[in-house]
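Participant: When you get a sec, could you give me coordinates for this:
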Amino acid sequence: MAASSKTLQPGSPVPAFSLLDQDGEVVRPEDFQGSKLFVFFYPKANTGG
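Facilitator: Numbering: from 1, shown residues only. Reported below is the predicted structural model:
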């Protein structure tokens, strides 16, 4: 999936993505369908900046 620079606004739909959790399992937003989900990204994590 291509990276996006679109800024999300509070309450906007979550874009499609997948990532690995702390146990190496794939997690997708639809795994939490019907629940409130808080998504936070650390854009500078693991970078030299």
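
Participant: Stretch 29-38 spans what distance, first to last residue?
Facilitator: The separation between the terminal residues of stretch 29-38, taken as CA to CA, to the nearest Å, is 10 Å.

Participant: So what's the gap between it and the chain middle?
Facilitator: 11 Å (CA atoms, centre = their mean, to the nearest Å).

Participant: Give me the residues contacting it.
Facilitator: The set of residues that contact stretch 29-38 without belonging to it, under CB atoms under 8 Å, 6 or more residues apart in numbering, is 14-17, 39. Where C-beta positions appear, they are placed from N, C-alpha and C, glycine not excepted.

Participant: Taking those residues together, which two end up most distant?
Facilitator: By the measure CB to CB, these have their two most distant members at Ala16 and Val39, which lie 12.3 Å apart.

Participant: what residues are up against Val14?
Facilitator: For Val14, the contacting residues are 8, 29, 37, 39, taking CB under 8 Å, 6+ apart as the criterion.

Participant: how about the residues you listed in JSON lines, adding secondary structure, distance to Thr47 and neighbour count?
Facilitator: Rendered in JSON lines, the data for these read as follows (DSSP: H, G, I helix; E, B strand; the rest coil; distance: CB to CB, whole Å; neighbours: other CB atoms under 10 Å):
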{"residue": "Leu8", "secondary structure": "coil", "distance to Thr47": "21", "neighbour count": "12"}
{"residue": "Pro29", "secondary structure": "helix", "distance to Thr47": "24", "neighbour count": "15"}
{"residue": "Leu37", "secondary structure": "coil", "distance to Thr47": "25", "neighbour count": "10"}
{"residue": "Val39", "secondary structure": "coil", "distance to Thr47": "19", "neighbour count": "10"}
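
Participant: No further questions, thank you.
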